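Participant: Build me a structure from this.
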Amino acid sequence: MVRLSLCVTRMIYVYIFVLFIANLCSWGTTLLMGPGNWLILLFSALYAYLLPLELEPRVGWKVVGVLAALAVLGEVIESAAGAAGVTRLGGTRRGALYSIVGAFVGTFTGAIVGVPIPFIGSVVAAVFGGALGAFGGAYLGERERLHGDRIAIGKGAFWGRLLGTFGKLIVGAIMLALVTLDSIY
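Facilitator: Sure, this is the predicted structure:
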């Protein structure tokens, strides 16, 4: 009986490791415009719900609530930065929408183009591809404007996309650290 209890107690560290890896991979999907922060929230909530009550340490529901608030904050930061990049320079809704579509296309194109350079190449190419796609989308969306204005609005979309992605990544890193610490202590 003591042996079984010791085995079950040690399994918690395997569960913590699996949660950490799942959340780390989820966080990485943010680079590819994936729902990384929401996946961290999902995996953490499932962990809190499914972990047997007798196993400690565990993820608390208060932490899951904080993760939910942080996931919303990450979306607000990403959306606000992207939209601000276009609208701050006088861009239209169409320019902002085209910027989002361009960022999506650019992210996946960049990830594919960066494949020859192991892991880092795809990640860097995806982030900058998304920013370039946002530039191109905003430029195309503002077709009634003069070339110089279109370039300025495209640059705003480029920098807004980069800042939004990095802001969301920072929030995701905070989420990852928070849930990992809560699962260990």
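Participant: Now do the phi/psi pair for Gly90.
Facilitator: Note on Gly90: backbone dihedrals following degrees, to the nearest 10 are phi 90, psi 20.
Participant: Could you do Leu55 as well?
Facilitator: Backbone torsions for Leu55, taken as degrees, to the nearest 10, come to phi -90, psi 130.
Participant: number of nearby residues for it?
Facilitator: For Leu55, the tally of surrounding residues (other CB atoms under 10 Å) stands at 12. For glycine as for every other residue, the C-beta is placed from the backbone atoms N, C-alpha and C.
Participant: Just give the nearest non-adjacent residue to it, would you?
Facilitator: Nearest non-adjacent residue to Leu55, counting by CB to CB, 6 or more residues apart in numbering: Ile12, 5.0 Å away.
Participant: Taking the centroid of this protein, which residue is nearest it?
Facilitator: For the chain, the residue sitting closest to the mean C-alpha position, by CA atoms, centre = their mean, is Thr30 at 2.8 Å.
Participant: my read: it touches Asn37, true?
Facilitator: Yes: at 6.7 Å, Thr30 counts as touching Asn37 under the criterion of CB atoms under 8 Å.
Participant: can you list residues touching both of the two?
Facilitator: Counting by CB atoms under 8 Å, 6 or more residues apart in numbering, the contacts common to Thr30 and Asn37 are Lys168, Gly172.
Participant: What is the subsequent helix or strand relative to the helix or strand bottoming out on mean pLDDT in the chain?
Facilitator: Among the helices and strands of the chain, helix 2-28 carries the lowest confidence by mean pLDDT, DSSP states H and E, at a mean of 84. Later in the chain than helix 2-28, the nearest helix or strand by DSSP states H and E is helix 36-50.
Participant: what does that next one contact?
Facilitator: Applying CB under 8 Å, 6+ apart, the set of residues contacting helix 36-50 is 15, 19, 22-23, 26-30, 58-61, 63-64, 67-68, 70-71, 74-75, 168, 171-172, 175-176, 179, 183.
Participant: Kindly export it (C-alpha atoms) in PDB.
Facilitator: In PDB, the C-alpha atoms belonging to helix 36-50 read as follows (Å, rounded to 0.1, in the frame of the first residue of the first chain):
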ATOM      1  CA  GLY A  36      -1.800  30.000 -27.800                       C
ATOM      2  CA  ASN A  37      -3.100  31.900 -24.700                       C
ATOM      3  CA  TRP A  38      -6.500  30.300 -25.000                       C
ATOM      4  CA  LEU A  39      -4.900  26.800 -25.300                       C
ATOM      5  CA  ILE A  40      -2.900  27.500 -22.100                       C
ATOM      6  CA  LEU A  41      -6.100  28.400 -20.400                       C
ATOM      7  CA  LEU A  42      -7.900  25.300 -21.700                       C
ATOM      8  CA  PHE A  43      -5.100  22.900 -20.700                       C
ATOM      9  CA  SER A  44      -4.700  24.500 -17.300                       C
ATOM     10  CA  ALA A  45      -8.500  24.300 -16.600                       C
ATOM     11  CA  LEU A  46      -8.600  20.700 -17.700                       C
ATOM     12  CA  TYR A  47      -5.600  20.000 -15.400                       C
ATOM     13  CA  ALA A  48      -7.400  21.700 -12.500                       C
ATOM     14  CA  TYR A  49     -10.600  19.800 -13.200                       C
ATOM     15  CA  LEU A  50      -9.200  16.300 -14.000                       C
END
